[in-house]
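Novice: Sequence first, predicted coordinates after that:
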There are 2 protein chains.
Amino acid sequence: MKTADPELMRAINRYHVIDTIRRDGPIARVEIAARTELSPASVSAITAQLIEEGLIDIHHVPPGGDAVRGRPRVLLGLNSSAYHVVGVKLTAYRIGIAVTDARGGSRASLVLPVRVARQPPEVVADLVEDGVRRCVADAGLEMARISGVGVGLPGVIDGIAGISHWSPVLGGASVPFAAAVADRLGVPVLLENDANLVAVAEHWFGLGRDQAAFAVVTVENTIGLGLIVDGKLYRGAHGIGPALGHTRMQPGGLPCRCGLRGCLDAYASDWGLLRQAEEAGLLPAGDDAPERIAGLAQRALEGEEAPAALFRQAGAAIGVAVANLVNLLNPPRVILTGEGLRAGALLRDPLFAAVAENVLPTLREGTEILLHSWGDEMWARGAATIVLRRIYEAPWNASA
Amino acid sequence: MKTADPELMRAINRYHVIDTIRRDGPIARVEIAARTELSPASVSAITAQLIEEGLIDIHHVPPGGDAVRGRPRVLLGLNSSAYHVVGVKLTAYRIGIAVTDARGGSRASLVLPVRVARQPPEVVADLVEDGVRRCVADAGLEMARISGVGVGLPGVIDGIAGISHWSPVLGGASVPFAAAVADRLGVPVLLENDANLVAVAEHWFGLGRDQAAFAVVTVENTIGLGLIVDGKLYRGAHGIGPALGHTRMQPGGLPCRCGLRGCLDAYASDWGLLRQAEEAGLLPAGDDAPERIAGLAQRALEGEEAPAALFRQAGAAIGVAVANLVNLLNPPRVILTGEGLRAGALLRDPLFAAVAENVLPTLREGTEILLHSWGDEMWARGAATIVLRRIYEAPWNASA
């Protein structure tokens, strides 16, 4: 927090007004004044300015009901057309894209069935460019109307510098992928680890709405963690989010693709399940195609014992990791999501059992654990949120 | 961050002036203006007020050296007598007490060799009362001059409510120990987990000075973790700090006193080392007296293989936990402290080897790991710091 002057004071108050309208709008001026504790005169001045800038607009509500004086009530809401942003979700097997408005409403979306992981980063950047241009056109917009593009992908991602240090999608070399896409599209691009992206989106419009602190665990080809602490995304020292998938489940245990042994990913991610199934002769050696892991889950669900044991073990491993998270950081809420939850109760029951077994007795009642399914469009909309969040950012978080 | 008005603005600027003087004083007004980016007129007004309130005082530096105009330079510093606070460190085998001034300088200190853990909490509160009154008198002060007492102890401590939920010192029941001591002494009392306490003290005057984020791992009768995130102590959902000692080292492993199995504490804390030594027939069954663990460390250092293996295993377990911390939270700095480091290189070498082996390759260069020894007085001074920190708190952190 910098020293204060009238300019910062105005920026803080303006932020609180926009934030109240974004969360609770359409909303009357008198209600904004009540919630922000600003004077009605200040609220009027700030909202007049916001209307002039086109950031908010007026919704007239016809008289009746609670409008006792017979005049239409004037409510203020975010002008959904004030901004348009694009979200991109990269996985090894497809590219999801969505164009959203300033309220996060979807204007167009598109999924490209591309085996991204076998292309070099510059080809991936080309494909993202083409897909974004197509999707923006589908939304009836020009690129010049797009305020920014958010790209989410799994791996060790420096979200501040826009660099992928290691990703199952872009490989093991450091790739300045945000710049690569920004150069092609001519708009600002934010790169983000996909668990961070889900955390931001849950915070913005999902199960983390109005929560100052919570954790998101994504179970997919890799296992990710996004943390909201004190209303902000936790990044650690180097702009990188938490690497939950590479914490130790078993010191000296199964080899992981990161080069370490005994990582959570090796036991419980889709990648780890496929490698264990291949090792046990349940599947021929092969790639990480979604059909292969879905097929393995299907066999487990139909009662085949060896695959079922793998999913139970994966659930228990994720449960231990979630319990460690509760013991260590004691978040009031943990949200689990991702396609890796496809095996349903087979994975979920040992997961919840392991949580119960491994959380410190005094902390047992303190954390709520929720499941939340995310489809492709939800992911892409989440990626758009990281851009919206930057636009509507609090002035004292300007570096977050 | 609340909406801003002139009063908050003044509070923010006043905080920045005091904070600059606290960190860098004695310091000239012109330098305060440069560092805070406040106008010289604002700095003059604020410092005049602080002098009037007795919070800061004037240090005249004789002319010479860089004082080219031959006039004494006027520097401003914290008035060390503005506040006096007391720190108390409780362990199972002794009570350490220190009285410090507003700059954290020690005015008196005292260690009571009491086997605290075998007394009920009300007796412990009586003993703390007597010790604090003695130590305050030794410092030549009246109790009425004491602004507050900070009490540090291991365990699951709700630092906001002042309740010990579980502690090797106060037992397994919930004890409102802050209120018990406050009632006896008639001054405000803050209770804090001792790893949190070290984190705050390192942040205030130690190796975490001017660091926005770092982690402290305390290796003692139990293994603790204190986290500073974004310049603030991380507390989690329920006012409790992180319980690193009860994260899983080995699912289903050694039994821990918390009721779980495979906790880090069971492998690497003094408590766990003693239990393993007893189990292996290296020691008769007994208590956690410091002499017993010191004796075991001595045998290991003199070359006896079975105890040495236990300390090596403990070092490796702590190393895995530190690596998980780096993978998960990526703090720029981890500070290791505590009497549990007494076995020296025997524990330290496998610790650092396990860190190197278990940190994700891309994160290896990013975290600095430091050792810092803390004596009894340092601990008690640290406990005093939690009170000073509250006094000099930033207005936007008022709930932290």
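Specialist: Right, received. Where do you want to start? Residues are numbered from 1 along each chain as shown, chains lettered A, B, ... in the order given.
Novice: centroid residue for chain A?
Specialist: By C-alpha atoms, centre = their mean, chain A has its centre lying nearest to A:V198, at 1.7 Å.
Novice: OK, contacts around that residue?
Specialist: A:V198 sits next to A:V216, A:T218, A:G226, A:I335, A:T337, A:W374, A:W379, A:G382 when contact means C-beta atoms under 8 Å, 6 or more residues apart in numbering or on different chains. Just so you know, the C-beta spots here come from the backbone N, C-alpha and C atoms, and that holds for glycine as well.
Novice: Let me know the distance separating it from A:R22.
Specialist: Between A:V198 and A:R22 the computed distance is 19 Å (C-beta to C-beta, to the nearest Å).
Novice: burial count for the closest residue to A:I223 other than its chain neighbours?
Specialist: What sits nearest to A:I223 in space, not counting adjacent residues and going by C-beta to C-beta, 6 or more residues apart in numbering or on different chains, is A:G245, at 3.9 Å. The burial metric for A:G245, expressed as a neighbour count using other C-beta atoms under 10 Å in any protein chain shown, is 32.
Novice: Equivalent analysis for the one 5 residues further on, please.
Specialist: For A:Q250, the number of neighbouring residues by other C-beta under 10 Å comes to 18.
Novice: quick one: low-confidence ranges for chain A?
Specialist: Scanning chain A for pLDDT under 70 picks out A:1-2, A:63-72, A:377, A:397-400.
Novice: pretty sure the residue nearest to A:I223 is touching A:V219, no?
Specialist: No - A:G245 is not in contact with A:V219 according to C-beta atoms under 8 Å; the separation is 9.3 Å.
Novice: Quick check: neighbours shared by those two?
Specialist: Between them, A:G245 and A:V219 share the contacting residues A:S269, judged by C-beta under 8 Å, 6+ apart.
Novice: Find the nearest non-adjacent residue to A:F205, please.
Specialist: A:G104 (5.5 Å).
Novice: Now do the same contact list for the residue nearest to A:I223.
Specialist: In this structure, A:G245 makes contact with A:T222, A:I223, A:G224, A:C263, A:L264, A:D265, A:S269, judged by C-beta under 8 Å, 6+ apart.
Novice: quick one, phi psi at the fourth one?
Specialist: Translated: A:C263. When quoted as degrees, to the nearest 10, the phi and psi of A:C263 stand at phi -70, psi 150.
Novice: Pull the number of nearby residues for the nearest residue to it once chain neighbours are set aside.
Specialist: For A:C263, the nearest residue in space outside its immediate sequence neighbours is A:C256; the separation is 3.9 Å by C-beta to C-beta, 6+ apart. Neighbouring residues of A:C256 were enumerated by other C-beta under 10 Å; the total is 23.
Novice: Show me the contact partners of the strand or helix carrying A:D183.
Specialist: Per DSSP states H and E: A:D183 is located in helix A:177-185. The list of residues contacting helix A:177-185 from outside it, by C-beta under 8 Å, 6+ apart, reads A:88, A:121-122, A:124-126, A:128-129, A:132-133, A:143, A:146, A:149, A:151, A:153, A:161-164, A:170, A:188-191.
Novice: Give the next helix or strand downstream of it.
Specialist: Scanning the chain past helix A:177-185 towards its C-terminal end, the next helix or strand to appear is strand A:189-193 (assignment: DSSP H and E).
Novice: Extract the C-alpha trace of the following helix or strand past that following strand and format it as CSV.
Specialist: Toward the C-terminal end, the helix or strand that comes next after strand A:189-193 (DSSP H and E) is helix A:194-205. C-alpha atoms of helix A:194-205 as CSV (Å, rounded to 0.1, in the frame of the first residue of the first chain):
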residue,chain,number,x,y,z
ASP,A,194,-4.9,-23.5,-15.4
ALA,A,195,-5.5,-24.2,-11.7
ASN,A,196,-4.8,-20.5,-11.0
LEU,A,197,-7.3,-19.7,-13.8
VAL,A,198,-10.0,-21.8,-12.2
ALA,A,199,-9.3,-20.2,-8.9
VAL,A,200,-9.7,-16.7,-10.4
ALA,A,201,-12.9,-17.7,-12.2
GLU,A,202,-14.4,-19.4,-9.1
HIS,A,203,-13.6,-16.3,-7.2
TRP,A,204,-15.1,-14.1,-9.8
PHE,A,205,-18.3,-15.9,-10.6
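Novice: Name the residues of the stretch 101-250 of chain A found near chain B, please.
Specialist: Counting by C-beta under 8 Å from any C-beta of the partner chain, the positions of the stretch 101-250 of chain A adjacent to chain B are A:156, A:165-166, A:213, A:225, A:229-230, A:232, A:234-238, A:240, A:242-244, A:246-250.
Novice: Tell me how far A:V200 lies from A:G231.
Specialist: 11 Å.
Novice: Who has more neighbours out of those two?
Specialist: Neighbour count, other C-beta under 10 Å: between A:V200 and A:G231, A:V200 has more, with 28 against 14.
Novice: Check the offset of the longest helix anywhere in chain A from the chain's centre.
Specialist: In chain A, with assignment by DSSP state H, the single longest helix is helix A:305-329. Taking C-alpha atoms, centre = their mean, to the nearest Å, the mean C-alpha location of helix A:305-329 is offset from the chain mean by 22 Å.
Novice: Next: stretch A:108-117.
Specialist: Taking C-alpha atoms, centre = their mean, the mean C-alpha location of stretch A:108-117 is offset from the chain mean by 18 Å.
Novice: Just the buried positions in it, please.
Specialist: For stretch A:108-117, the neighbour count (16 or more other C-beta atoms under 10 Å in any protein chain shown) marks A:A108, A:S109, A:L110, A:V111, A:L112, A:V114, A:V116, A:A117 as buried.
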